[in-house]
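**Student:** dropping a prediction and its sequence here:
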Amino acid sequence: MNGSAGRNSETRAIVTGGAQGIGFAVAEALADEGCRALALIGRSQEKGDKAVAALKKSGVDAIFISADVAKVADCKRAVDTAIAHFGTVNALVNAAATSARGSLVETSEELFDTIFATNVRGPFFLMQGLVAHLLARKAPGSIVNVLSMSAHAGQSFLTPYSTSKGALMTLTKNVANAYRTNRIRCNAVLPGWMDTEGEDIVQKKWHGAADDWLEKAEAGQPMGQLVKPAQLARLISYMVSPQAGVMTGSLVDYDQNVAGAGAE
């Protein structure tokens, strides 16, 4: 019997960035593992409708909430909407993010604020909403934040992005420690270079990449591939589930390159 079968049958989750990429892959994994209540948060109603339709075919009560996580009011509305629809929610996956480019000397105040609003402030207030709900119910719950290997340092053109992921890393640890006696777990994954729709846009917009950039990028990786959303999603769905036991405050590097290792 598949050890993952049914492990999220009691999970009622909010997934940000849930209409595409990592977020939708997580939603699919949760659904495959028995989750029947999923609220996807994103900005594109069109993508959201497609994602919800796909999940409903699997018997999931899925809803799409159009919201911009960079706006605190949207974050609060999204959590309230999900709770109102499902009656209760006990899990949150913060997958939405912006990876806009900017070095230390090139980053404008506006860009800095946009990145931190999306990558730090949004997850902060989404977690606030879920945790307050769980505390009021005296119920256990689970949060997984999607960070990046860039949180360890990051490239020179990712200064504000890397810094925002470092802030979310500390926030993950802080929340894990603060609510462990309430049985509310908070963990994070730090994926390396990923093959997503968003990355394709980034490579072409910021780096002038050709259509075959993925093939070339994967050829240069130690394991011959970039991180695939469906692979990462199964780790996240495990961390969300009760099967993860007492796991909290964990930061899991998910990459083929080891942080701190020098060039061979």
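**Tutor:** Yep, it's here.
**Student:** how far away is residue 185 from residue 132?
**Tutor:** Look at residue 185 and residue 132: by Cβ to Cβ, to the nearest Å, they are 16 Å apart. Any C-beta I mention is one placed from the backbone N, CA and C, and that applies to glycine too.
**Student:** and these two? which has more neighbours close in?
**Tutor:** Higher neighbour count among residue 185 and residue 132: residue 185, with 25 against 11, using other Cβ atoms under 10 Å.
**Student:** I'd say the more buried one and residue 176 touch.
**Tutor:** Yes. Under the criterion of Cβ atoms under 8 Å, residue 185 makes contact with residue 176 at 6.7 Å.
**Student:** just for this protein, where's the confidence low?
**Tutor:** 1-2, 263-264 (pLDDT under 70).
**Student:** how about the helices in it?
**Tutor:** Listed in chain order, the helices of the chain (DSSP state H) span 21-32, 45-56, 72-86, 109-116, 122-137, 159-178, 197-206, 213-219, 229-240.
**Student:** and the last one, what other elements does it pack with?
**Tutor:** Spelled out, that is helix 229-240. helix 21-32, strand 91-94, strand 141-146, strand 184-191, strand 251-254 (3 or more Cβ pairs under 8 Å, 6 or more residues apart in numbering; DSSP states H and E).
**Student:** please repeat the previous calculation with a cut-off of 10 Å.
**Tutor:** Applying 3 or more Cβ pairs under 10 Å, 6 or more residues apart in numbering; DSSP states H and E, one finds that helix 229-240 contacts strand 12-16, helix 21-32, strand 91-94, strand 141-146, strand 184-191, strand 251-254.
**Student:** report all helices and strands that the longest one contacts.
**Tutor:** Right, the one you point to is helix 21-32. strand 12-16, strand 37-42, helix 45-56, strand 91-94, strand 141-146, helix 197-206, helix 229-240.
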